[in-house]
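Any chance you could fold what I've pasted below:
(2 chains)
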Amino acid sequence: MSAEASTIDLAARASIWLKPHRIVLILIALALVLCAAFFMRWDWLPQYWEMGLLGIWRALWILAVTCALGFALAVPLGLAQAGGPFWFAVPAKIFCTIIRGTPLLLQLWLLYYGLGSIFPQYPWIRESWLWPYLRQAWPYAVVALTFSFAGYEGEVMRGAFAGVPRGQLEAARAFGMSRWKIFRRIWLPQAFYRALPTLTGETVLQLKSTPLVATISVIDIFAVSSKVRQDTYLTYEPLLLLALIYMTITGILVFVFSRIEARIPVKIG
Amino acid sequence: MLVGLLHSLEIAIGATCLGLLIGTAGAFGKLYGGPVTRDLLAVYTTVVRAVPELVLILLLYYAGTDLINQVLTAIGYQRVDISGLAAGIFVLGFVQGAYSTEVIRGAILAIPQGQIEAARAYGMSPGLMLRRITLPAMLPFAIPGLANLWLIATKDTALLAVVGFFELTLATRQAAGVTKAYLLFYLAAGALYLALSLFSNVIIGRVEAWSRRGMPSVKEAR
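Here you go, the predicted model:
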């Protein structure tokens, strides 16, 4: 997970895994997996295979979009709180507090059922070009998840922006850089490097909140597994597979982020 | 809705307490346990932290109740209906346990080594050392992380609405569905959650100040 782990060379890594008790544990785990494969029912898999892949794709798509949009929103939020005048800082602070103080499920339902029930009352909304989108569930899901990510990440970015040493910014100003250029070349990159380790955690958390969108009828991988459970009356198999899928995605995410983290200059500030 | 809030609170408190117990035991297992314990705990914390809470809740909610019933019928007892409250506390406590294991482990590692060595040198038994030295000394390091976990626990109770447990979010949804005043009820529930979070923040600030008593302030050290 950390940078140290990636520096351990292959031989050392192999010897870590080949300690006697680990071999026994791995064998037990393998036996459990084999038991699960043989004694549980997996005959529903071929039927739902394509749907599952589509579900995974959708979950990843929502994850990517909401993380990107949320981060784009988090930068001004963090900046406003770290160095903005108070009429920027106070609303940003309130936004972050509200988002972080209420459950995501509630925000999601508030947007989907709450706003979703308000919109149809106004004819001008029903006639506008937005209406076909507002009738579907996914825009609400994207908005709710984006806000949630922005709220949490905005707080992180506030700390990151505040953590950039003053001397760096003063030096940049002494070079005669414009404010925008200072922000683009000095402040943002350094804050980003500082925020990167937390960004990994936030992204994994975001991945773990994507199944919530299934409660407002967006068909992601979680909704697919619920459908399988309803159709086949199986309780454990779909859920276990689902857990495995999420673990795999998390593993890949953490690996990718650790690669990115290893590339950034270690000595900052 | 207030009944729902009460249920949410009960679950959050119960889950945090159970999580703390699991976390303390888990942290000690990870630090001082044998190799097998350590590996098993590593698997536990990794798996629980990698899988979405919603999936875990579903899995444990059904698997847990089913397992207990099967064990009971195997021993020859009647099947029992496990109350949603107990199941909810158990499930969330199990999830919280994984997170608090990591928090407490980090906090114990942050204790100056000399304090533990001094306790050993005094001939304290492990239990006494845990009670008198390790737990009080790790508290200031653990409180921020544990406070976060408490806030997460209050918000995770909302997820139990998905398995049909009557807590604040589900109560809101039903009330909103009956009265058709969706926005009003959801906003009210949001305000309740927010009030709970802000109130907890005040309390946590107090507790943290109390747990740091006698420690040199960071500001003065600079």
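
Could I get the buried residue list for stretch A:131-150?
Taking 16 or more other CB atoms under 10 Å in any protein chain shown as the neighbour-count basis, stretch A:131-150 is seen to contain the buried residues A:137-150. Glycine gets a C-beta too; all of them are placed from N, C-alpha and C.

List just the nearest of those to B:D156.
The closest of the buried residues of stretch A:131-150 to B:D156 turns out to be A:S148 (CB to CB; 14.0 Å).

what helix or strand does that closest one sit in?
Taking DSSP states H and E as the criterion, the element that holds A:S148 is helix A:138-163.

I'd like the next helix or strand past that helix.
helix A:166-174.

average pLDDT for that following helix?
On average, the pLDDT along helix A:166-174 is 88.

how about the CA coordinates for the helix or strand following that helix, as PDB?
Scanning forward in sequence from helix A:166-174 by DSSP H and E, the next helix or strand is helix A:179-182. The C-alpha trace of helix A:179-182 is given here as PDB (Å, rounded to 0.1, in the frame of the first residue of the first chain):
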ATOM      1  CA  ARG A 179      -1.800  35.600  -9.200                       C
ATOM      2  CA  TRP A 180      -3.200  33.000 -11.700                       C
ATOM      3  CA  LYS A 181       0.200  31.800 -12.600                       C
ATOM      4  CA  ILE A 182       1.300  31.400  -9.000                       C
END
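
how about helix A:179-182: buried residues?
Of all the residues in helix A:179-182, those buried under the rule 16+ other CB under 10 Å are A:I182.

Could you list the low-pLDDT ranges of chain A?
Residues of chain A meeting the criterion pLDDT under 70: A:1-18, A:265-269.

can you rerun that using 90?
For chain A, residues meeting the criterion pLDDT under 90 lie at A:1-56, A:58-59, A:78-93, A:95-141, A:154-173, A:176-247, A:251, A:254-255, A:257-269.

mind listing what residue 145 touches?
As the question left the chain open, I've gone with chain A. Remark: with contacts taken as CB atoms under 8 Å, 6 or more residues apart in numbering or on different chains, A:L145 is in contact with A:I62, A:T66, A:G70, A:L104, A:L108, A:Q206, A:S209, A:T210, A:V213.

should've been chain B
B:S100, B:V103, B:G106, B:A107.

What's the separation between the third one and B:A63?
If I follow you right, that is B:G106. Going from B:G106 to B:A63 by CB to CB, to the nearest Å gives 30 Å.

Mind checking which of the contacts of A:L145 are in helices?
A:I62, A:T66, A:G70, A:L104, A:L108, A:Q206, A:S209 (DSSP state H).

Please check these and keep the buried ones.
With neighbours counted using 16+ other CB under 10 Å, the ones in helices among the contacts of A:L145 contain these buried positions: A:I62, A:T66, A:G70, A:L104, A:L108, A:Q206, A:S209.

Would you agree the fourth one is in contact with A:L212?
In this case it means A:L104. Yes: under the criterion of CB atoms under 8 Å, A:L104 lies in contact with A:L212, with a separation of 6.0 Å.

and chain B, which of the contacts of A:L145 contact it?
For chain B, the contacts drawn from the contacts of A:L145 by CB under 8 Å from any CB of the partner chain are A:L104, A:S209, A:T210.

wait, which of the residues you listed is closest to B:G114?
Distances from the ones next to chain B among the contacts of A:L145 to B:G114 were compared by CB to CB; the smallest belongs to A:S209, at 42.3 Å.

tell me the contacts of the closest one?
Applying CB under 8 Å, 6+ apart to A:S209 gives the contacts A:L104, A:L145, A:S148, B:P52.

Quick check: of those, which lies closest to A:I245?
Proximity of the contacts of A:S209 to A:I245, judged by CB to CB, is greatest for B:P52, which lies at 10.3 Å.

can you count the residues close to the closest one?
When neighbours are counted by other CB atoms under 10 Å in any protein chain shown, B:P52 registers 23.

Name the nearest residue to it, sequence neighbours excluded.
Taking CB to CB, 6 or more residues apart in numbering or on different chains, and ignoring the residues beside it in sequence, B:P52 has A:K208 as its nearest neighbour in space, at 3.9 Å.

repeat for B:A42
B:K30 (7.3 Å).

That neighbour: neighbour count?
As a measure of burial, B:K30 has 21 neighbours, counting by other CB under 10 Å.

Ok, B:P136 next?
Residues lying near B:P136 (other CB under 10 Å) number 13.
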